[in-house]
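Chemist: This is a predicted model, with the sequence first.
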Amino acid sequence: MRMLARSRSLSATLFWLSVLAFLAFSGLKAVHGGMPDAAGALTMPVLVYGLAHALRAVRLGVLLGAGRARRLLGLYFYTAACSAVIPFKLGELVRINEIAWWSGSYWRGLLIVWIERVFDVVAIGGMALFILGTGAQEPKDIGLLLWAIGGFVFLTVLFFFIVPEQLCGLNLHVMRSYRGRKAVHILRMLDSCYQLFDQVRPLLAGKLVTLSLLTLFIWGAELLAVAMLFDSNPWQGAVTSLVRQFVLVLGDGGQAAGFLAGFEDVKMLALIALGVVALAFYGRLRLQAHKGSN
């Protein structure tokens, strides 16, 4: 799917602005950050965290139906680095812009990012329920998180699955109740809404189990990376041990804060390095595509 000329121009402009922002904020992070003293002890947790990112790239490839791995990895690691480095979550806009350029539609790019977030939110909700069930956290401390997750999932199901199914009945109601230009205008608006929302099902068709398993492995790797910060042998006690470490992190204890500060520094520097390498490949692809469209 190809973008319209105006959308291609907007996408290219936003890409080069994102490159400037990424390089500027990466430079600031590198200057004011630095490698922690215990960087060697964080090697394995960072590698496991890198595995989680690789699985996220695979999940994105499943949603995009991507072909070449090098291009997909360039897209993923550049946008992941932007999301980590650029403040105020503006890196997510970079992600939407680049996925939209790849898929040919801003709406499709937004849907893909939204679907990724839905799977992540459901995984976090599952962990929160497990924590609640084990009694490791008071309901009042985690209740707000569960309500927010439930609301997000409910709205997603409502707008992407329930509303499209009801639009046909709404079309019949409009045709019976209205006449003339008003009816035509409303029917066109409803048809546009249907075409937008109906793009979700093709994105998920035949992929739901694959995406669910990938999300399970992604969060398993991320939890394992956090557990390895506190335990040299996190394999013992498997799920219970991992969840306890997750609770410790949520509690923001002194030990957790100390370990996580160094982990975040190393993780950030690793993502910046991967983002720069990815930009070298992905930026060339972007430049070639821009020249070919002119």
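Modeler: On my side now, so go ahead.

Chemist: Leu271 touches Ala80, doesn't it?
Modeler: Yes. Leu271 lies in contact with Ala80 (CB atoms under 8 Å); the separation is 6.3 Å. (C-beta placed from N, C-alpha, C; glycine too.)

Chemist: Comparing these two, which shows the higher neighbour count?
Modeler: Leu271 (24 against 21; other CB atoms under 10 Å).

Chemist: Mind giving me the packing neighbours of the strand or helix carrying the more buried one?
Modeler: Under the criterion of DSSP states H and E, Leu271 resides in helix 254-293. When contacts are defined as 3 or more CB pairs under 8 Å, 6 or more residues apart in numbering; DSSP states H and E, helix 254-293 packs onto helix 5-32, helix 43-64, helix 69-85, helix 238-251.

Chemist: most packed of the ones you listed?
Modeler: With neighbours defined as mean count of other CB atoms under 10 Å, the helices and strands packed on helix 254-293 peak in mean count at helix 69-85, which reaches a mean of 21.

Chemist: angle of that one against helix 5-32?
Modeler: Angle, helix 69-85 to helix 5-32, by axes from the mean of the first three to the mean of the last three CA atoms, to 10 degrees: 60 degrees.

Chemist: So which helix or strand of the chain has the lowest pLDDT on average?
Modeler: helix 238-251 (a mean of 49; mean pLDDT, DSSP states H and E).

Chemist: Would you check that Val62 makes contact with Ser212?
Modeler: No. Between Val62 and Ser212 there is no contact under CB under 8 Å: 11.0 Å.

Chemist: hang on, the earlier thing: of the helices and strands packed on helix 254-293, give the one that comes closest to Phe130.
Modeler: When these are compared by CB to CB, helix 238-251 sits nearest Phe130, at 5.8 Å.

Chemist: How about stretch 107-124, which residues are buried there?
Modeler: Using 16 or more other CB atoms under 10 Å as the test for burial, stretch 107-124 gives 108-109, 111-116, 118-124.

Chemist: so of the residues you listed, which ones are in helices?
Modeler: 108-109, 111-116, 118-124 (DSSP state H).

Chemist: where are the low-confidence patches of the stretch 51-200 of the chain?
Modeler: Residues of the stretch 51-200 of the chain meeting the criterion pLDDT under 70: 67, 135-141.

Chemist: nearest to Glu92, of the buried residues of stretch 107-124?
Modeler: Once CB to CB is applied, the member of those that ends up nearest Glu92 is Val113, at 6.9 Å.

Chemist: Tell me how far that closest one lies from Arg201.
Modeler: From Val113 across to Arg201, the span is 17 Å (CB to CB, to the nearest Å).

Chemist: which parts of the helix or strand that contains Asp191 are buried?
Modeler: Assessed by DSSP H and E, Asp191 sits inside helix 180-197. Under the neighbour-count criterion of 16+ other CB under 10 Å, helix 180-197 has Ile186, Tyr194, Leu196, Phe197 buried.

Chemist: can you redo those as TSV with distance to Gln166?
Modeler: As requested, these are arranged in TSV below (distance: CB to CB, whole Å):
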residue	distance to Gln166
Ile186	15
Tyr194	10
Leu196	15
Phe197	11
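
Chemist: Tell me the one among the residues you listed nearest to Ser103.
Modeler: Distances from Ser103 to the buried residues of helix 180-197, taken by CB to CB, are shortest for Leu196, at 13.9 Å.

Chemist: Can you give me the distance of the closest residue to the closest one other than its chain neighbours to Gln195?
Modeler: Here the nearest residue to Leu196 in space, its sequence neighbours aside, is Trp107; by CB to CB, 6 or more residues apart in numbering that works out to 5.8 Å. Using CB to CB, we find Trp107 at a distance of 9 Å from Gln195.

Chemist: One more: Val276?
Modeler: According to CB to CB, Val276 and Gln195 sit 39 Å apart.

Chemist: And His32, by the same measure?
Modeler: His32 sits 47 Å away from Gln195, going by CB to CB.

Chemist: Is it correct that Leu72 is in contact with Gly65?
Modeler: No. Counting by CB under 8 Å, Leu72 stays clear of Gly65, with 10.3 Å between them.

Chemist: which SSE is the closest residue to Ile124 other than its chain neighbours in?
Modeler: Leaving out its chain neighbours, the residue that sits closest to Ile124 by CB to CB, 6+ apart is Ile149, at 6.5 Å. For Ile149, the element it lies in under DSSP H and E is helix 139-157.

Chemist: Which other helices and strands does that helix contact?
Modeler: Right, helix 139-157 is packed against helix 106-134 by 3+ CB pairs under 8 Å, 6+ apart.
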